[in-house]
Structure formats: C-alpha cells, structure tokens
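J.: Here is my input; please provide its structure:
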Amino acid sequence: MRINYNFAFKDSKLRQWQRPSPPNLLVTDASLKNKLIYILKTFNHNSELFYPSTLIFFIILCVQIINFYPNKELKNLEDAHNQYVNTSKKLANLNSSKNKFKIRINNLDSYFSEATTSYLFTFYLQNSVPKGVKIIDYAYSDNGFEINATAFSIDSLNEFITLIIESPIIQKNSVSISKLNRKENSKSSKLKGDSKFDLQIYGDINKLDIKRREELYKESGANGLLKKLQRFNFTKTLLKS
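T.: Residues are numbered from 1 along each chain as shown. A predicted model of the protein is given here:
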C-alpha cells in the first residue's frame, strides 16, 4: 500500500521547490510593443489551439461585414413590407365584399332591366283613354295585359285601340280584340236609341332596356323611379371598374 508522505522534509528546514510560473507581461508595466510580441509568440507556440478558433472568428466577422448592408436595407424595408401586407389584406377583403355586393346587384338587375313597372303601364293607359271611353277593369303583368272597356261610340273605341297600340310599352303586333259586344239601351234610358259597346283587348308588354326606361321615366315625370334607376346604373358602373 502506497503511503502519501514525504519523509525527507520531516523535522527539516528544507522546503519543497516549485517551479515559478512565467511572468504575464499583459498585467505588467511592459511596453505595448513587448506585449504585442508576447501575444504573437504565445499565439505561434499554441497554434493548434488558437488557429482554428481565430479562423472561425474571422470567417464570422467577414460574414457579418458582408451581410451588414443587406440587413440594413431589409430593416429599412420592413415597415414598407408590413404596410404592403396590410394593404394587400385590405384589398382582398375589399374584393371579397365587392364580389358579394355584385352578386346582390345582379339579382336585382332583372327588376330594373326586364320588368315594365306598373307605373308606366297605368300612365300610358290613362293617356290612351279618349273622351267617351270608360275602363271597366284591367289586368297587368310583366308579360302582358288585358283591358275591359265600354263606350257609346264605336269611333271612341277605335281611337282607344289606336292609342293603346301606339303606347311605347306595348308590342303593337300583339294587340288583339278578344270580345266586342253591342248592347241596345232600354226604352227608359235618357240615351234612347243609342247603343253601348263592350270591348276586351289583350296584348304583350315590351321589354325595355335601361336607356329606353330612363327616357320613359323622364317623359312620364317619374322622378323617384328615375333617380333609383340612375343610382342602380351608377353602382353597376362602379363595380365594373
């Protein structure tokens, strides 16, 4: 068994000698030149320790220097990029809302471009009734009409039919007479000896385009309907742009 004890120094004034460590010039008052020489010598004597790390350090430093300008430019463009992303999102949301609104407008398009409003029909019907003709009743839809009228003169009915045919919202070639009856007045009537004529006619309605519809609204004084139509057309124009 090994005993860790040094008998040479028992009861002796001798002291164990230790090799002194070399002086560190970096913490002394040596000149800057001597310190640089010391660093260079230390570096060369320990090349396997310092060369790899120094090489890595310089490579990293070179990469940082090379990337300094691009990183600076990217930093300067970061705010512009964020603004671009936000603007792109807003445009995408705006286009989505625009498409949804366009679908709604298209659903209403047939109402403004195909159907002939009852206002126009009644306006031109009223202007087509001459003196001596009385409208008993009428039926109207977007496709056609039917009118029952009565008069004491066949000439008044002829004038009425002519005016109806000339109406801008009625198809001329579609107007037909389905019934024409003549009734004699009773002896007690004040119009004794005169006859009464009952007329029933029907026909088709014109499909008016937007421009023609605006003209008829202006002609008939339908200012409210005209403004609605103009706003609708203006909205369609904006959505197409």
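J.: Give me the buried stretch members for the lowest-mean-pLDDT helix or strand in the chain, please.
T.: Ranking every helix and strand in the chain by mean pLDDT, DSSP states H and E puts helix 32-45 at the bottom, with a mean of 78. Of all the residues in helix 32-45, those buried under the rule 16 or more other Cβ atoms under 10 Å are residue 38. C-betas here are computed from N, CA, C, even on glycine.
J.: hey, C-alpha coordinates of that helix in PDB?
T.: Extracted as PDB, the C-alpha positions of helix 32-45 are listed here (Å, rounded to 0.1, in the frame of the first residue of the first chain):
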ATOM      1  CA  LEU A  32       2.900  47.900 -25.800                       C
ATOM      2  CA  LYS A  33       5.500  46.600 -28.200                       C
ATOM      3  CA  ASN A  34       6.600  43.900 -25.800                       C
ATOM      4  CA  LYS A  35       3.000  43.000 -25.000                       C
ATOM      5  CA  LEU A  36       2.300  42.500 -28.800                       C
ATOM      6  CA  ILE A  37       5.400  40.400 -29.200                       C
ATOM      7  CA  TYR A  38       4.400  38.300 -26.200                       C
ATOM      8  CA  ILE A  39       0.900  37.800 -27.700                       C
ATOM      9  CA  LEU A  40       2.400  36.800 -31.000                       C
ATOM     10  CA  LYS A  41       4.800  34.300 -29.500                       C
ATOM     11  CA  THR A  42       2.100  32.800 -27.400                       C
ATOM     12  CA  PHE A  43      -0.200  32.600 -30.400                       C
ATOM     13  CA  ASN A  44       2.500  30.900 -32.500                       C
ATOM     14  CA  HIS A  45       3.500  28.400 -29.800                       C
END
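J.: what about this structure, any weak spots by pLDDT?
T.: The chain contains residues with pLDDT under 70 at 1-17, 19-29, 49-50, 114, 185-194, 241.
J.: Which helix runs longest in it?
T.: Ranked by number of residues, the top helix in the chain under DSSP state H is helix 47-113.
J.: any idea of the angle that one forms with helix 32-45?
T.: 90 degrees (axes from the mean of the first three to the mean of the last three Cα atoms, to 10 degrees).
J.: got the contact list for the most centrally placed residue in the chain?
T.: Centroid-nearest residue in the chain, with Cα atoms, centre = their mean: residue 98, separated by 2.2 Å. Contact partners of residue 98, counting by Cβ atoms under 8 Å, 6 or more residues apart in numbering, are residue 239.
J.: just the one 3 residues further on next, same as before
T.: Residue 101 makes contacts with residue 239, as judged by Cβ under 8 Å, 6+ apart.
J.: That one and residue 235: what is the separation?
T.: The spacing between residue 101 and residue 235, counted by Cβ to Cβ, to the nearest Å, is 8 Å.
J.: what does residue 39 give?
T.: On the measure of Cβ to Cβ, residue 39 and residue 235 end up 81 Å apart.
J.: In terms of secondary structure, what does the helix or strand harbouring residue 180 contact?
T.: When elements are assigned from DSSP states H and E, residue 180 belongs to strand 176-184. Counting contacts by 3 or more Cβ pairs under 8 Å, 6 or more residues apart in numbering; DSSP states H and E, strand 176-184 is packed against strand 195-204.
J.: Name every strand pairing with the strand it packs on and say which way it goes.
T.: If you go by DSSP bridges, strand 195-204 pairs up with strand 144-151 (antiparallel), strand 176-184 (antiparallel).
J.: hmm, who's touching the longest one?
T.: What it means is strand 176-184. Under the contact criterion Cβ under 8 Å, 6+ apart, strand 176-184 has outside partners 146, 157, 161, 195-203.
J.: ok, now stretch 59-76?
T.: Contacts for stretch 59-76 (Cβ under 8 Å, 6+ apart): none.
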